[in-house]
Each structure stands twice: as structure tokens, then as C-alpha cells.
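# just to be clear, the model below is a prediction. Sequence and coordinates:
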Amino acid sequence: MQEKPIIRILLAKPGLCTHETGVKLLAAGLRDSGMEVIYTGVFQEKDNIARVALQEDVDVVGLSYLNGGHVALTKGVIGALQEVGRGDIPVIVGGIIPKADIEPLHAIGVAGVYGPGTAIPDIAEDIRRIVREASAAPALAP
């Protein structure tokens, strides 16, 4: 299957964290790598993230965390995406993620986890891989 010419990614900060320097740097880096980035800002609720993902027809949802709660909050976002009929959108997570939480995130369906120091070109390449794999996967019957 042919890759879409421009990958659309929604970046959001669920929960109460106000630290957004990292996600803003990521947004700029992903734009520089040719992606279209929609950034919703801080204090995002799961239902709003799912609604924006649906409205903007994004290929990937990226969630940024710096102060915990990432497993429960991500599970909520994945559930909200399923509720709006877009459970097929891959979800990636970045920020301060303890190593012990990486496997639980993968277990709930997270396609990629990126910690501090991960190079933006590496994240961009991984997002391209995730989108290729998602577009090649057979659609599930409702």
C-alpha cells in the first residue's frame, strides 16, 4: 500500500502537566521532517483528544507526559479513540516514562514509547514505520 504523502500527527498533553517545552520541540522537529502537526496544548481530556483526532483525520496520536499517570491516562485516550470509531489510530507516548512502565504501555496498545534524549529524526522515522504498518494492516470488521 502506498504511504500517504504527508503524515498528520496530533500531539497532546493529557492530565495536569504544564511542562510543554519538549512537546513543542518535537512538534517543530516533526514539521521540519515533513509531517503536519496539530498540537492541542496542555490540560487535554481524553474525549477532546479523540474528538480532535477524528476531526483532523490524523494518522497518529502522540501523548506527552512529564509527571506520571501516563499508563492510566493513555488507556483512557485509547478507549476514547475506540468510542469515536478510531481505535485504529496508532498512539505513541513520550516524556518521562519509567522503564517499568514501557511494557504496560505496549500491553494496552501503544505503538511507540520515547524517553528523554531520543533524537527527533529517530522518532520521525519510527512514526513513518508505524504509519506504514498501520496502513498495511487489514481492517477489522465492526
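Thanks, I have it. Residues are numbered from 1 along each chain as shown.

# look up which helix or strand the residue nearest the centre of the chain falls in, please.
For the chain, the residue nearest the mean C-alpha position is Gly62 (1.9 Å; Cα atoms, centre = their mean). For Gly62, the host element (DSSP states H and E) is strand 60-65.

# what distance separates that strand from the middle of the whole chain?
With Cα atoms, centre = their mean, to the nearest Å as the basis, strand 60-65 stands 3 Å off its chain's centre.

# name every strand pairing with that strand and say which way it goes.
Here strand 60-65 has these sheet partners by DSSP bridges: strand 8-12 (parallel), strand 91-95 (parallel).

# the helix or strand harbouring Gln55 packs against which elements?
Per DSSP H and E: Gln55 is located in helix 46-56. Helix 46-56 makes packing contacts with strand 8-12, strand 60-65, helix 70-83 when contacts are defined by 3 or more Cβ pairs under 8 Å, 6 or more residues apart in numbering; DSSP states H and E. Yep, even glycine has a C-beta here, placed from its N, CA and C like the rest.

# next secondary structure element downstream of the shortest one?
Past strand 8-12, further along toward the C-terminus, the next helix or strand under DSSP H and E is helix 21-32.

# in the helix or strand just after that next one, what counts as buried?
Proceeding N to C from helix 21-32, the next assigned helix or strand is strand 36-39, under DSSP H and E. By neighbour count with 16 or more other Cβ atoms under 10 Å, strand 36-39 contains the buried residues Val37, Ile38, Tyr39.

# tell me what strand 36-39 is packed against?
Counting contacts by 3+ Cβ pairs under 8 Å, 6+ apart, strand 36-39 packs against strand 8-12, helix 21-32.

# what's next to it, contact-wise?
By Cβ atoms under 8 Å, 6 or more residues apart in numbering, the residues outside strand 36-39 that reach it are 6-12, 23-24, 27, 30-31, 52, 56, 58.

# could you rerun that using 6 Å?
Ile6, Arg8, Ile9, Leu10, Leu11, Ala27, Leu30, Arg31, Glu56 (Cβ atoms under 6 Å, 6 or more residues apart in numbering).
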